[in-house]
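> Below are the sequence and a predicted model; questions follow.
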Amino acid sequence: MLAAFIFSGCSIHPLPDDVTHISTYTIVRQVRCETRQAIIESLFNYLTSPENLRFGNLDQHSLDIGLQLKQAYDIDHDAITKFNPGSLTGRARQVVGLLYHTGIAYNYDLQGLEINNIDPAVNFIRPRPLTSLVTLGLTGNFDRQRQNERFFTITDNFGDLVTKIHDNYCTHSIVEANYVYPIAGAVGMHQVIHDFVFLTVFANLAGTSSGGKDVIKVSGPPTLVDQLQFQTTIGGAATPKIVFIPLGRSFQVSDASLPISASRKDTHQLTVGLYLDKTGAKEIGSVRSEIFDGAFITASGGRAEQGAARAVEQFLALKIFKPTVVIAQ
């Protein structure tokens, strides 16, 4: 296996495809489908819960619709695309409206670095006379390095993911976690979606200040940004060597070696931003207060995807200009 890796062909243009064996398009598709599945599961967890009915977070009419929708979904997954949140009543209509008008942006930074080194060495010796032993070492190198960075952003809207993406788009795109190259598998979108909704409704999640730096003067719609970074390095080396027995007095080769090494380092970064549309954000306070005292919200959208993309952009800008302090000991 090591020899196969070292002597295998090199990539002139390092891409995730070389090591994950799936295309960039497939990576994006898998993450979108994982997000869609997380939204659908969150929807059913809310609309089919007897506990929500018992605690007044769901009325009987909306519970019945949720149960009917789940039954239809189990038979035909595309049934969810025909669901209209407007058919719900009371708090359920407002909570699902909030969910449907949330924007999400995925920023991908996919880097690949390949290094292939060949460093031959030859040693010469004149074995005699013993009183004046002469040696000479010669080395050389043939080192190659290729690096590529692919950087792009995709945006979605929760409602569109549910209603405009059909099941056949995700038939083979719901995958398990990949612990060798995590970007090629499930990346944990379920927890991201759950945390955003929970923090927005229950924990006073807010946006950032206009400059993105003032944590006291916070304004704007609720936003949440997660940055995932996966790094995988695979490498190997071999050092074939031959040693000669010196004979006679002539200047001759005593040994020769041919060290060969190869490595591939992949750094895959996914920054996910979620953004509640500004129209719904104006009324989010009433949503939060109603959970404890009373009047949920009606959320509406239109700028959600752009807001999510701006949240990611702002996060990346802060990372770029974040000061680093190094203390020498």
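Nice, thanks for sending it over.
> check which helix or strand covers the most centrally placed residue in the chain.
By Cα atoms, centre = their mean, the chain has its centre lying nearest to Leu270, at 3.2 Å. Taking DSSP states H and E as the criterion, Leu270 maps to strand 260-276.
> same deal with Glu34?
helix 24-47.
> Following element in sequence after that helix, please.
With elements assigned by DSSP H and E, the helix or strand that comes after helix 24-47 is helix 50-54.
> Go ahead and name everything in contact with that following helix.
For helix 50-54, contacts defined as Cβ atoms under 8 Å, 6 or more residues apart in numbering pick out Tyr46, Leu58, Asp59, Gln60, Leu63. For every residue, glycine as well, the C-beta is placed using N, CA and C.
> tell me which of these is nearest to Arg32?
Tyr46 (21.6 Å; Cβ to Cβ).
> circling back: most neighbours out of the contacts of helix 50-54, which is it?
Leu58 (24 neighbours; other Cβ atoms under 10 Å).
> The nearest residue to it once chain neighbours are set aside - how many residues pack around it?
Spatial nearest neighbour of Leu58, excluding adjacent residues (Cβ to Cβ, 6 or more residues apart in numbering): Asn52 at 3.8 Å. Asn52: 20 surrounding residues under other Cβ under 10 Å.
> how near is Asn52 to Val96?
Asn52 sits 12 Å away from Val96, going by Cβ to Cβ, to the nearest Å.
> got it, and Ala256?
Going from Ala256 to Val96 by Cβ to Cβ gives 73 Å.
> do Ala186 as well
For Ala186 relative to Val96 (Cβ to Cβ), the value is 25 Å.
> shared neighbours of Asn52 and Val96, anything?
Shared contacts of Asn52 and Val96, defined by Cβ under 8 Å, 6+ apart, are found at Tyr46.
> Comparing Ala186 and Val96, which residue is more hemmed in?
Between Ala186 and Val96, counted using other Cβ under 10 Å, the more crowded position is Val96 (25 against 17).
> and the residue lying closest to that one once chain neighbours are set aside, what are its phi and psi?
Of all residues not flanking Val96 in the chain, Pro85 sits nearest, at 4.4 Å (Cβ to Cβ, 6+ apart). Dihedral pair for Pro85: phi -60, psi -20, per degrees, to the nearest 10.
> Let me see the contact set for Pro85.
Shown in contact with Pro85 (Cβ under 8 Å, 6+ apart): Arg93, Val96, Gly97, Tyr100, Gly159.
> Going by contacts, tell me the helices and strands next to the helix or strand containing the third one.
Right, the one you point to is Gly97. Assigned by DSSP H and E, Gly97 belongs to helix 90-100. Here helix 90-100 touches helix 24-47, helix 60-75, helix 158-163, helix 189-202, helix 284-292, going by 3 or more Cβ pairs under 8 Å, 6 or more residues apart in numbering; DSSP states H and E.
> Would you mind saying which of these lies nearest Gly140?
Counting by Cβ to Cβ, Gly140 lies closest to helix 24-47 out of these; the figure is 37.8 Å.
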